[in-house]
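>>> Give me a 3D structure for the following:
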Amino acid sequence: MILQSDKDVTIMTTSKQILVINCGSSSVKFALLPKDSREPLLSGLAECLGLADARITFKTSEGKKTESLDGGRHEEAMSALTRFMENHGWLDGVAAVGHRIVHGGERFQASVLVDDGVIEGIEACSSLAPLHNPGHLVGIRAARAAFPALPQAVVFDTAFHQTLPRAAYMYAIPQRFYHDYGVRRYGMHGTSHRFIASETVATLGLDPERHGILIAHLGNGASATAVSNGRCVDTTMGMTPLEGLVMGTRSGDIDPAAVTFIARKEGLDLDGIDSLLNKQSGLLGISGLSSDCRALEDAAAEGNKDAQLALDMFAHRLARLLGGLASSLERLDALVFTGGIGENSSLLREKTLARLKIFGFAIDPAANERAVRGAGGLISRPGSVMAMVMATNEEWMIARDTAELAGL
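Coordinates of the predicted model:
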């Protein structure tokens, strides 16, 4: 039922809804999904929290609306969000809250309901994700204060990768660093990889008990994963999101001796090295122009050789690591591209598949060009190993896990 008011079009709904929160140190990304739907009633972002230009943007079927938070922090963002939902008649329908958590270490191997012990566990993992987990905890506490009577769940990006065999997750360093400090490969983007793996099996009609899938989640942060019979068996990101592929501003794999060499030459301390590899490298560092793939493709088309090199390196590293991941599979049924770059850069998909011909991939150029802006679908030629584009939906995975844990 739709009720007209002097302020808004208020949408009343009797279905139970899940509020999904993805909280960073200075931002809150959110989505409100009906329990049985993948399409959100509401989505948006609060950003620049704690600064003078703090603001929150709401996106609904009516369009976008931005409000100033005037230096507000996470608590003010949650208050603005609850007011907006109340004005639209959605607040009373919220039945549970789900949170995305980047790092769960080895303790959390599945999604769980929040209690004090879980919060302590997330705090204990904060040293493994110092830029993410503290922000997640702020979001959890703000949401618990805003919705004290509702069940709340946490969904860990590292959980899907907990099926890695020991040979895949250990580093070739003295084992005491693993036993004393938890130094090992954990992997990231697990919620996205889990969604894509399940959807690929259903979409392509693969045997749930016997399949092999490579997944390339490509965005400003990028990772690739090998999935065998529904289980993650290898992945490119490591203890942190720095390892693996070339990314927007992250270097990905680099010889550690090169890092110490640069540090001595430049007089860099550990913080300087961290900034160099995480914030000044990747596509931005190579091109000297931008971390945005779209800007680099435009520049390369105009003859910018550094932009072209950045794109070539991105595709080369991706193909090389996908080839390595394939060695962890018993069979190879499909390669799936997802994420902002994976779903929209037909050029980088073409470059990558051209380097993977030895595995039996053959691209359909017309289908590849069509598979942008949410279109998706197969981009390989009939008779070749299947390659496809698929939009990920991490928010729905979080909402689904939350609903199941809350018994909705």
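>>> And the pLDDT for the closest residue in space to Lys279 that isn't next to it in sequence?
In this structure, Lys279 finds its nearest non-sequential neighbour in Thr249, 5.1 Å apart by C-beta to C-beta, 6 or more residues apart in numbering. Glycine gets a C-beta too; all of them are placed from N, C-alpha and C. Thr249 is assigned a pLDDT of 93 by the prediction.
>>> same check, this time on Asp70
Listed pLDDT for Asp70 reads 82.
>>> so it, which of the three states?
coil (DSSP: H, G, I helix; E, B strand; the rest coil).
>>> Touching, it and Leu51? I think so.
No - counting by C-beta atoms under 8 Å, Asp70 does not reach Leu51; the two are 9.7 Å apart.
>>> buried ones in stretch 211-224?
211-224 (16 or more other C-beta atoms under 10 Å).
>>> which one among those gets closest to Thr392?
Distance to Thr392 across these (C-beta to C-beta) is lowest for His217, with 6.9 Å.
>>> that's a strand at the closest one, yeah?
Yes - assignment of His217 by three-state DSSP places it within a strand.
>>> For it, give the beta-bridge partners.
Ser223, Thr338 (DSSP bridges).
>>> and it, what does it touch?
189, 192-193, 196, 223-225, 338-339, 342, 392 (C-beta atoms under 8 Å, 6 or more residues apart in numbering).
>>> try 6 Å this time
His217 makes contact with 189, 192, 223, 338-339, according to C-beta atoms under 6 Å, 6 or more residues apart in numbering.
>>> before we move on, what about Lys59?
43-44.
>>> now do Gly72
Gly72 sits next to Ala54 when contact means C-beta under 6 Å, 6+ apart.
>>> How about Ala406?
Neighbouring residues of Ala406 by C-beta under 6 Å, 6+ apart: 96, 151.
>>> can you rerun that using 8 Å?
So Ala406 contacts 95-96, 113, 151, 153 (C-beta under 8 Å, 6+ apart).
>>> of those residues, buried ones?
When the contacts of Ala406 are checked for burial by 16+ other C-beta under 10 Å, the buried set is 95-96, 151, 153.
>>> Narrow the contacts of Ala406 to those in helices?
Among the contacts of Ala406, no member is found in helices (DSSP state H).
>>> quick one: which of those residues is nearest to Ile18?
Of all the contacts of Ala406, Ile18 sits closest to Ala96, with 5.5 Å by C-beta to C-beta.
>>> And the pLDDT at that closest one?
Ala96 carries a pLDDT value of 96.
>>> domain assignment for this structure?
By the record's domain assignment, the chain is partitioned as 2-156, 205-395 (automatic domain parsing).
>>> how far is the first one from where the chain is centred?
To tie it back to what came earlier, the one meant is domain 2-156. For domain 2-156, the separation from the chain centroid amounts to 16 Å (computed by C-alpha atoms, centre = their mean, to the nearest Å).
>>> The helix or strand where Leu347 lies packs against which elements?
If you go by DSSP states H and E, Leu347 is part of helix 346-354. For helix 346-354, the elements it packs on are helix 305-326, helix 365-370, strand 386-389, judged by 3 or more C-beta pairs under 8 Å, 6 or more residues apart in numbering; DSSP states H and E.
>>> so can I have a markdown table of the buried ones among the contacts of Ala406 showing distance to Ala406?
Output for those, formatted as a markdown table (distance: C-beta to C-beta, whole Å):
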| residue | distance to Ala406 |
| --- | --- |
| Ala95 | 7 |
| Ala96 | 4 |
| Pro151 | 4 |
| Ala153 | 7 |
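>>> Closest to Asn368 out of these?
Looking across those and measuring by C-beta to C-beta, the closest to Asn368 is Ala153, at 37.8 Å.
>>> Residues in a beta bridge with that closest one, which ones?
Counting by DSSP bridges, the residues bridging with Ala153 are Gly98, Leu113.
>>> per-residue confidence at it?
So Ala153 comes in at 97 (pLDDT).
>>> repeat for Gly407
Per-residue confidence at Gly407 stands at 91 (pLDDT).
>>> Begin at 45 from now on, thanks
In the new count, where the first residue is 45, that last one comes out as Gly451.
>>> Could you report the neighbour count for it?
Residues within reach of Gly451, counting by other C-beta atoms under 10 Å, total 9.
>>> In three-state terms, label it for me.
Taking three-state DSSP, the label given to Gly451 is coil.
>>> Could you measure from it over to Ala140?
9 Å (C-beta to C-beta, to the nearest Å).
>>> same check, this time on Arg228
From Arg228 across to Ala140, the span is 32 Å (C-beta to C-beta).
>>> next one: Thr202
Noted for Thr202: a distance of 22 Å to Ala140, by C-beta to C-beta.
>>> picking up where we left off before, deepest-packed of the helices and strands packed on helix 390-398, please.
strand 430-433 (a mean of 23; mean count of other C-beta atoms under 10 Å).
>>> For Thr446, find the nearest of the domains of the chain.
domain 46-200 (3.3 Å).
>>> Now the closest residue to Leu95 other than its chain neighbours, what are its backbone angles?
What sits nearest to Leu95 in space, not counting adjacent residues and going by C-beta to C-beta, 6+ apart, is Gly115, at 6.5 Å. Gly115 has phi and psi values of phi 80, psi 0 when expressed as degrees, to the nearest 10.
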